[in-house]
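Participant: fold the following.
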Amino acid sequence: MRHDQIQPAVEQNVSQAIHEDVGNGDVNASLIDHKNQSNAELVTRSPGVFCGKMWADEVAQQVGGFSIEWHVDDGDSIEPNQKLAGFHGASRSILTAERVMLNFLQLLSGTATVTRSYCDRIRHTQTKLLDTRKTLPGLRIAQKYAVSVGGGQNHRMGLFDAFLIKENHIEAAGSISAAVYAARDAHPKLPIEVEVETLEQLSECVKLGVPRVLLDNFPTETLREAVTRYSDTIELEASGGVTLENIREIAETGVDFISVGAITKDVIAIDLSLRFIGTYVQ
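Facilitator: Numbering: from 1, shown residues only. Next comes the predicted model:
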């Protein structure tokens with residue numbers, strides 16, 4: 001994902017989050033003398049993979065009045081009680097920015113962390129971990145960026161940049177072949193992938209020259225059979241019911257990709273804390 005794709009999303013994400021949290025003004029920060037300056041530290045309570053610096057820096061930029069000195073970069077492994085950054089500036093500004101900043105950092109670090117966990121399970125294979133469109137509304141680019149930080153790869157960004165012809169599309173179009181022909185006619189340059197539920201459907205896709213299929217909830221033995229028959233002619237992506245407990249077994253069948261919705265849909269935020277360590281009057 002290119003920086004010029006990410007930065008507009010960062011600015012929009014942060015602007016909306018600040019408006020949501022601050023509204024017409026931070027009444028809590030108004031309790032603090034406007035002359036007060038503070039130093040603060042960002043500390044992690046959880047192990048994991050750090051992610052989200054661009055979002056935190058944008059919060060600082062939009063709120064104004066303080067600076068951040070980072071001790072980590074996106075993708076770094078972090079341990080409990082590790083100091084991740086120092087904050088210096090107006091006490092009111094740091095307090096106003098705190099929750100918005102932590103929300104982004106905790107969510108994106110959590111996404112990168114769980115992605116790394118899945119990637120570690122299949123590192124000994126050639127299989128690549130993919131994300132899905134099962135992301136938090138409004139945060140797709142942010143979470144897909146975090147997936148890439150954690151070692152995964154991005155699937156399509158949305159409904160506009162690739163075809164994924166699924167069961168309901170096939171039903172509505174009338175058949176796999178009808179849907180594939182329609183896709184080629186409508187947007188001949190876009191990638192096409194078809195979701196299949198049987199080896200017979202997979203064989204049909206091979207005959208149609210489809211470049212990739214999604215093998216939906218295939219048992220492990222059927223995945224192996226699909227790889228044995230067709231891995232030289234079509235890319236194979238396994239999906240459905242994938243967990244940390246079974247992803248190794250799935251990858252060892254030899255499929256090219258495994259897509260996992262849980263890395264963005266069921267993400268658990270890591271525990272971060274911002275604590276003031278000194279206040280003085282400017």
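Participant: what strand or helix carries residue 229?
Facilitator: Per DSSP states H and E: residue 229 is located in helix 220-230.
Participant: that helix: which residues count as buried?
Facilitator: Buried residues in helix 220-230, counting neighbours by 16 or more other Cβ atoms under 10 Å, are found at 223, 226, 227, 230. All C-beta spots, glycine's among them, are computed from the backbone N, C-alpha and C.
Participant: check stretch 96-109 too.
Facilitator: Neighbour counts over stretch 96-109 (16+ other Cβ under 10 Å) mark 96-98, 100-109 as buried.
Participant: and these, which is closest to residue 269?
Facilitator: Comparing the buried residues of stretch 96-109 against residue 269 with Cβ to Cβ places residue 106 closest, at 3.8 Å.
Participant: let me know the helix or strand that that closest one is in.
Facilitator: helix 91-121.
Participant: now for the nearest residue to residue 146 once chain neighbours are set aside, how many residues are close by?
Facilitator: Nearest residue to residue 146 in three dimensions, chain neighbours excluded: residue 111, at 3.7 Å (Cβ to Cβ, 6 or more residues apart in numbering). By the criterion of other Cβ atoms under 10 Å, residue 111 has 32 neighbours.
Participant: contacts only, for residue 111.
Facilitator: Counting by Cβ atoms under 8 Å, 6 or more residues apart in numbering, residue 111 touches 51, 143, 146, 147, 150, 263, 264, 267.
Participant: return the per-residue confidence for it.
Facilitator: We have a pLDDT of 98 for residue 111.
Participant: show me where this structure has strands.
Facilitator: Remark: strands assigned in the chain by DSSP state E are 36-44, 48-49, 66-70, 77-78, 83-90, 128-130, 163-165, 192-196, 212-216, 235-239, 257-259, 272-281.
Participant: about what we covered before: out of the buried residues of helix 220-230, who's nearest residue 86?
Facilitator: residue 223 (49.1 Å).
Participant: pretty sure that closest one is touching residue 257, no?
Facilitator: No - contact criterion Cβ atoms under 8 Å: residue 223 and residue 257 do not qualify, at 11.8 Å.
Participant: joint contacts of the two?
Facilitator: With Cβ under 8 Å, 6+ apart, residue 223 and residue 257 have common neighbours 236, 238.
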